[in-house]
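1. 3D model of this:
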Amino acid sequence: MPYFAVQYTYRPAKAALRDQHRPLHREWLAEEHSAGNVLIAGPYPDGSGALIVIRAADLEAAEAFLANDPFQAHQAVDAIRIDEWTQVFGPFPA
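-> Purely as a prediction, here's the structure:
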């Protein structure tokens, strides 16, 4: 199944909204990580966004999957970039 690199962009104007929904967002990430759908996830140290690497059948499935993220449901993310990604070296199953 393909991998997708997801980049969330955050703007300061929505910081309070993200703070409010972060516990649900992280719970969702943890559940999906345990299920094998989220491979890695974490924010950028400067607060400008986050990187999530997921598995999905295709781009459409990746978009549908991400729609379940509480940050998405509550419009706490300012922009999303989703790129199919090919692992050449790394820890994830082939």
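
2. what about the residue lying closest to Ala41 once chain neighbours are set aside, neighbour count?
-> Once flanking residues are discounted, Ala41 sits nearest to Ile52: 4.4 Å by Cβ to Cβ, 6 or more residues apart in numbering. In this view, the C-beta of every residue, glycine as well, is placed from N, C-alpha and C. Ile52 has 22 neighbouring residues, counting by other Cβ atoms under 10 Å.

3. before we move on, what about Ala41?
-> Number of residues near Ala41 (other Cβ under 10 Å) recorded here: 20.

4. same check on the one 3 residues further on?
-> Residues lying near Tyr44 (other Cβ under 10 Å) number 13.

5. Phe71 now?
-> Neighbour tally, Phe71, other Cβ under 10 Å: 23.

6. thinking it is in contact with His25, fair?
-> Yes - between Phe71 and His25 there is a contact at 4.7 Å, judged by Cβ atoms under 8 Å.

7. any shared contact partners between the two?
-> Shared contacts of Phe71 and His25, defined by Cβ atoms under 8 Å, 6 or more residues apart in numbering, comprise Arg18.

8. re the thing from before, would you enumerate the residues in contact with the residue nearest to Ala41?
-> By Cβ under 8 Å, 6+ apart, the contact list for Ile52 reads 5-6, 8, 29, 38, 40-41.
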